[in-house]
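In: My questions are about this predicted structure, shown below with the sequence.
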Amino acid sequence: MSEGKKLYRSRSDRLIGGVCAGMGRYFAVDPVLVRLSFVVLALVNGLGVLVYLILWAMMPDESSPALSGEELLRANLNDMRAQAQRLIRSLRGTSQSTVIIGLILMVLGLLFLLDNFIPWITPAMLWPMLLIAVGVYILLNRRA
């Protein structure tokens, strides 16, 4: 009797938590497509972030032994904390991260300001404007 496929978070092909790479392996699709679907869900209604975090907390890691439900949740939450700390450490001290955060805040402020003066500009336009601003920033920095 052969054992069925199991859904695991990837350790080797992870960008954040390994959820998308694990799902890509499980469903035999490119993990980039799974990642893009989470990004689209996050941009449309924010659901992609919530679903990703829930899956990260519930899916076992491919390198971890079979853990009980509570042990698995505790181990995954510790992994999430460690990844968040790594991200914060990598962003500290880099001038690029402060410029990106500054640009995002400027775009948000501009959007809310324009909403007061031009009624057809709504907060729903936030994501497209934010993506445009980040894209312009990346292109301008690439040439420099």
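Out: Structure received.
In: buried set for the strand or helix carrying Arg89?
Out: If you go by DSSP states H and E, Arg89 is part of helix 69-91. Buried residues in helix 69-91, defined by neighbour count with 16 or more other C-beta atoms under 10 Å: Leu72, Ala75, Asn76, Asp79. Backbone N, C-alpha and C define where each C-beta goes, glycine included.
In: residue boundaries of the helices in the protein?
Out: Using DSSP state H, the helices found in the chain span residues 19-27, 31-45, 47-58, 69-91, 95-117, 126-143.
In: Let's have those in TSV, adding distance to Arg11.
Out: Below are the helices of the chain laid out as TSV (distance: least, C-beta to C-beta, whole Å):
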stretch	distance to Arg11
helix 19-27	9
helix 31-45	13
helix 47-58	13
helix 69-91	10
helix 95-117	26
helix 126-143	29
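In: Tell me which of those sits most buried.
Out: Mean neighbour count, computed with mean count of other C-beta atoms under 10 Å, is highest for helix 19-27 among those, reaching a mean of 21.
In: Output the contacting helices and strands for that one.
Out: Judged by 3 or more C-beta pairs under 8 Å, 6 or more residues apart in numbering; DSSP states H and E, helix 19-27 is in contact with helix 31-45, helix 47-58.
In: out of those, nearest to Met23?
Out: With C-beta to C-beta as the criterion, Met23 lies closest to helix 31-45 of the helices and strands packed on helix 19-27, at 4.9 Å.
In: now the angle from the closest one to helix 47-58?
Out: Put simply, helix 31-45 runs at 130 degrees to helix 47-58, going by axes from the mean of the first three to the mean of the last three C-alpha atoms, to 10 degrees.
In: now helix 31-45, how far from the centre of its chain.
Out: 9 Å (C-alpha atoms, centre = their mean, to the nearest Å).
In: Could you list every helix and strand in contact with that helix?
Out: helix 19-27, helix 47-58.
In: Pipe those into TSV and attach distance to Leu140 and mean pLDDT per row.
Out: Shown next, in TSV, are the helices and strands packed on helix 31-45 (distance: least, C-beta to C-beta, whole Å; pLDDT from 0 to 100):
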stretch	distance to Leu140	mean pLDDT
helix 19-27	29	90
helix 47-58	28	84
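In: and the residue nearest to Met106 when sequence neighbours are not counted, what does it touch?
Out: Of all residues not flanking Met106 in the chain, Ala133 sits nearest, at 7.8 Å (C-beta to C-beta, 6 or more residues apart in numbering). Ala133 is in contact with Leu103, Ile104, Met106, Val107, counting by C-beta atoms under 8 Å, 6 or more residues apart in numbering.
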